[in-house]
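Enquirer: got a sequence here, can you build the structure:
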Amino acid sequence: MLGGTHHVGRAVVEAALSRGDDVTTVTRGTSGPPAVGATARTADRTVAGSLEAALRGERWDAVIDTWSGAPSVVRTSARLLADRAGWYGYVSSRSVYAWPIPSGADETAPVVAGDPDDTREEDYAAAKRGGELAALDSFGDRALLARAGLILGPYEYVGRLPWWLERIARGGPTLAPGPPDRPLQYVDARDLAAWMLDEADRGAGGAVDTVSPPGHSTIGELLEACVAVTGSGAELRWSPPDVLADAGISGWTDLPVWVPPTGELASLHDGDTALAASRGLRCRPAPETVTDTWAWLRTEGMPTWTGRSPVGLAPETEAAVLARLRD
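Expert: Prediction:
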């Protein structure tokens, strides 16, 4: 496991250990302690020779890589492991598709340009596509490109579901983006991890959009589950999308997880994931994801933000819209 101390990497390590796999993690040693039961190695993959020194010439059945930075790091790693591992699973993203993503898009949709030798990471979509090309170049049909969409669940360091849980835990009138039956499409990190390990067992490759079917849950079900699990008694005040738009509030970032039913963002919860379902991806119910994420937050606290911009709505902006809804 290249990584393994947070989010999908941590979920992969825990799932692999629970099924009896021998697991080696390679991390920089800055994001938390290694998993108990795994062989821990330390390396900074941005430093020349660091990974090779950590691998010590050993071999593995499979490698899973969650890298989200410069594609050149994936290029170096995949080349180094091409003759030492049987399979390479790269956690990519549906962000690789050309924007705006068409409604109902599947794995055949056009993708952005990417360069596997690029040392830059500012363009997330191009970086992920470059990482895909790097994995394919070294592993070919032994490379799985798991194009995840929205990833929720315990260990989520982007902070989308954690933000909602923390906000709803404070109680009181809470701005909720409507309509409540707006369908959602996402994957719990633990379901993604289990699926990738199964694909590793089969040696399956190719690009797969690894998120739930559209409508697996709704924003109403998700937020009601947050109210129930926190026990806060928060009052969800549903706002029409046009009211939110007039207030300059965006989906995805200001109000995480949700996107409006029209406009460029709408298709983020409308992908065709029939291929993932046919290859065995199974997604647990939303209330289970919410419950387990809250339990993790209560145990370990709010995660440290990643290098991405923080998500969530400013309290004063929420208060202004709530006041408008009362008028």
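
Enquirer: local confidence estimate at the residue nearest the centre of the chain?
Expert: In the chain, the residue lying closest to the centroid (Cα atoms, centre = their mean) is Ile151, at 3.2 Å. Here, the pLDDT recorded for Ile151 equals 97.

Enquirer: against Val23, how distant is it?
Expert: In this view, Ile151 and Val23 are 20 Å apart by Cβ to Cβ, to the nearest Å. Using the backbone N, CA and C atoms, a C-beta is placed for each residue, glycine as well.

Enquirer: kindly report the same for Met302.
Expert: 27 Å.

Enquirer: mind telling me what element the closest residue to Thr46 other than its chain neighbours is part of?
Expert: In space, Thr46 comes closest to Val73 once its chain neighbours are excluded; the distance is 6.1 Å by Cβ to Cβ, 6 or more residues apart in numbering. Under the criterion of DSSP states H and E, Val73 resides in helix 71-81.

Enquirer: show the average pLDDT along that helix.
Expert: Helix 71-81 shows a mean pLDDT of 98 in the predicted model.

Enquirer: for the stretch 201-327 of the chain, what spans make up the helices?
Expert: Under the criterion DSSP state H, counting those that start in this stretch, the stretch 201-327 of the chain carries helices at the ranges 219-230, 241-246, 274-278, 286-300, 315-326.

Enquirer: of these, which is nearest Pro100?
Expert: With Cβ to Cβ as the criterion, Pro100 lies closest to helix 241-246 of the helices of the stretch 201-327 of the chain, at 16.7 Å.

Enquirer: by contact count, what packs against that closest one?
Expert: Secondary-structure packing of helix 241-246 (3 or more Cβ pairs under 8 Å, 6 or more residues apart in numbering; DSSP states H and E): helix 315-326.

Enquirer: what comes up buried for the helix it packs on?
Expert: Glu318, Val321, Leu322 (16 or more other Cβ atoms under 10 Å).

Enquirer: now the residues you listed as a markdown table including pLDDT and distance to Val158?
Expert: Below are the buried residues of helix 315-326 laid out as a markdown table (pLDDT from 0 to 100; distance: Cβ to Cβ, whole Å):
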| residue | pLDDT | distance to Val158 |
| --- | --- | --- |
| Glu318 | 96 | 20 |
| Val321 | 96 | 24 |
| Leu322 | 96 | 26 |
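
Enquirer: so Pro180 sits against Ser217, correct?
Expert: No - under the criterion of Cβ atoms under 8 Å, Pro180 makes no contact with Ser217, lying 11.4 Å away.

Enquirer: outline the domain layout of this protein.
Expert: Per automatic domain parsing, the structural domains of the chain span 7-151+187-210, 157-184+216-266+285-326.

Enquirer: using JSON lines, lay out these together with distance to Ser278.
Expert: Formatted as JSON lines, these follow (distance: least, Cβ to Cβ, whole Å):
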{"stretch": "domain 7-151+187-210", "distance to Ser278": "10"}
{"stretch": "domain 157-184+216-266+285-326", "distance to Ser278": "16"}
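
Enquirer: ok, back up a step: who has more neighbours, Pro180 and Ser217?
Expert: Comparing Pro180 with Ser217 by neighbour count (other Cβ atoms under 10 Å), the higher total belongs to Ser217, at 23 against 15.

Enquirer: partners of that one in the sheet?
Expert: For Ser217, the beta-bridge partners under DSSP bridges are Leu184.

Enquirer: that one and Val187 touch, don't they?
Expert: No - using Cβ under 8 Å as the test, Ser217 is too far from Val187 to be in contact (11.3 Å).

Enquirer: low-confidence ranges in the stretch 51-200 of the chain?
Expert: Within the stretch 51-200 of the chain, no stretch has pLDDT under 70.

Enquirer: quick one, helices of it?
Expert: Using DSSP H, counting those that start in this stretch, the helices of the stretch 51-200 of the chain run over 71-81, 124-139, 160-169, 189-202.

Enquirer: can you say which of these is nearest to Leu55?
Expert: Closest to Leu55 of the helices of the stretch 51-200 of the chain is helix 71-81 (Cβ to Cβ; 7.0 Å).

Enquirer: alpha carbons of the closest one, as CSV, please.
Expert: Only the C-alpha atoms of helix 71-81 are listed here, as CSV (Å, rounded to 0.1, in the frame of the first residue of the first chain):
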residue,chain,number,x,y,z
PRO,A,71,1.9,12.4,-12.0
SER,A,72,5.7,12.0,-12.2
VAL,A,73,5.5,10.4,-8.7
VAL,A,74,3.2,7.6,-10.0
ARG,A,75,5.5,7.2,-13.0
THR,A,76,8.5,6.6,-10.9
SER,A,77,6.7,4.3,-8.5
ALA,A,78,5.0,2.2,-11.3
ARG,A,79,8.2,1.8,-13.2
LEU,A,80,10.1,0.7,-10.1
LEU,A,81,7.4,-1.9,-9.3
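
Enquirer: having no further points to raise, I will conclude here.
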